[in-house]
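>>> With the input below, show me the fold.
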Amino acid sequence: MSNEIYGFVDVSLSSSGSESLFKKLENTYGVGVCKIGEEQLYNFPQYLLDQSSGKLLFCIADKPGGWNATCLIDYLNYATNASIGLPLNGVDRVRLLEQVLADLLLESNASRLCVALTDSSLIDESKIVLLESFHEILSNDFAECAPPCVLYDLRVK
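This is a model prediction of the structure:
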């Protein structure tokens, strides 16, 4: 099993602009954020890729330089002496992820971000979600199943 977070922001940023934004997110939140190729958007519906003229593709990992989000989206509560480099409470890690995604969306000045939160690249469902209701929907999805295996099409009004 491999928990993964990958997607795209519907915006055109220069390579230096995207690297700067990713580095800022890594430094602020302690997670890894890196650029990926379209071939790494596993099981993304083609229509989503076709709708976007400019895309900044990314993955988010447990730590800078990493590729998987094993602990970030497993929703488990770890023992107080555990050293995972992230908050030990599952709810707190999901909240951290919400903040990373919101900052990625807002700081790139995009109106849309599509992100898959998956176990082994499996996407069972896709949802269009407004940023202001993302917390409630994501919290409910994680309470039901973690990771939720959902592709979120996150939008700003």
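>>> Return the distance of stretch 146-157 from the chain's centre.
8 Å (C-alpha atoms, centre = their mean, to the nearest Å).
>>> Sorry, wrong one. I was asking about stretch 83-94.
15 Å.
>>> Residues contacting that stretch, please?
Stretch 83-94 is contacted by residues 30-31, 62-63, 71-80, 82, 96, 138-139, 142, 146 when judged by C-beta atoms under 8 Å, 6 or more residues apart in numbering. Bear in mind the C-beta positions are built from the backbone N, C-alpha and C, glycine included.
>>> just stretch 34-46 next, same as before
Residues outside stretch 34-46 that contact it (C-beta under 8 Å, 6+ apart): 4, 6-8, 18-19, 22, 49, 55-59, 61, 67, 114, 116, 118, 121-123, 126, 151.
>>> That stretch: end-to-end distance?
Stretch 34-46 has its terminal residues 22 Å apart, counting by C-alpha to C-alpha, to the nearest Å.
>>> on that earlier part again, let's see which of the contacts of stretch 83-94 end up in helices.
Members of the contacts of stretch 83-94 lying in helices (criterion: DSSP state H): L96, L138, S139, F142.
>>> Among the contacts of stretch 34-46, name the buried ones.
Buried subset of the contacts of stretch 34-46 (neighbour count, 16 or more other C-beta atoms under 10 Å): 4, 6-8, 18, 22, 55-59, 61, 67, 114, 116, 118, 123, 151.
>>> Among those, which lie within strands?
Using DSSP state E, the subset of those located in strands is 4, 6-8, 56-59, 61, 114, 116, 118, 151.
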